[in-house]
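J.: The sequence and its predicted three-dimensional model are supplied below.
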Amino acid sequence: MDDLVDDAGRSRHVKQLVGLKHWARPISKALNLDEGRLTFHVLEAPDAAAAITEFAQRNQVDHIVMGARGSSVLRRYLGSVSAQVLANSECTVTVVRAAPGTETPPPKPDAP
C-alpha cells in the first residue's frame, strides 16, 4: 500500500492539513486575524527547504510553522529541512515536533 494514503485510499497529507486548519482556527480567532490572513500551503519540490524559503520570500510570509521528524545520524549530518528553513528564512520560523505515534511515515523512495 502507498504510504501517502490511508487504508481507505484517502490522502494522509490532506487529512493532516484539514486537522491543522481545525487546530489553528481558535488561534486565528484569539489573535483577531482577518479571514484569509492565516493560510496553509503544500509545496512539492526536490529541495523542500529551498522551495519553502523561496515561497516565503516571494509571498512576503510573516511566519512559517512547520513540523519536524525524528533525528537520525544521517539527517543530523546532512541537515534537516527544518534546520535549513530556520537558517535561510527571513521571517520567523516555528518548528513543531509531532506527538509520538502521530507522525506520517516518510514516503518510500521509488524503485528503479
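T.: Nice, thanks for sending it over.

J.: Tell me what the spatially most central residue of the chain is bridged to.
T.: Nearest residue to the geometric centre of the chain (CA atoms, centre = their mean): M66, 4.2 Å. Beta-bridge partners recorded for M66 (DSSP bridges): V95.

J.: which residues sit in contact with it?
T.: 52, 81-82, 85, 93-96 (CB atoms under 8 Å, 6 or more residues apart in numbering). Bear in mind the C-beta positions are built from the backbone N, C-alpha and C, glycine included.

J.: in the chain, what spans have low per-residue confidence?
T.: For the chain, applying pLDDT under 70 flags the ranges 1-2, 70-79, 98, 101-112.

J.: quick check: domain ranges of it?
T.: If you go by automatic domain parsing, the domain ranges for the chain are 1-40, 41-102.

J.: Now do the strands in this structure.
T.: 63-68, 92-97 (DSSP state E).
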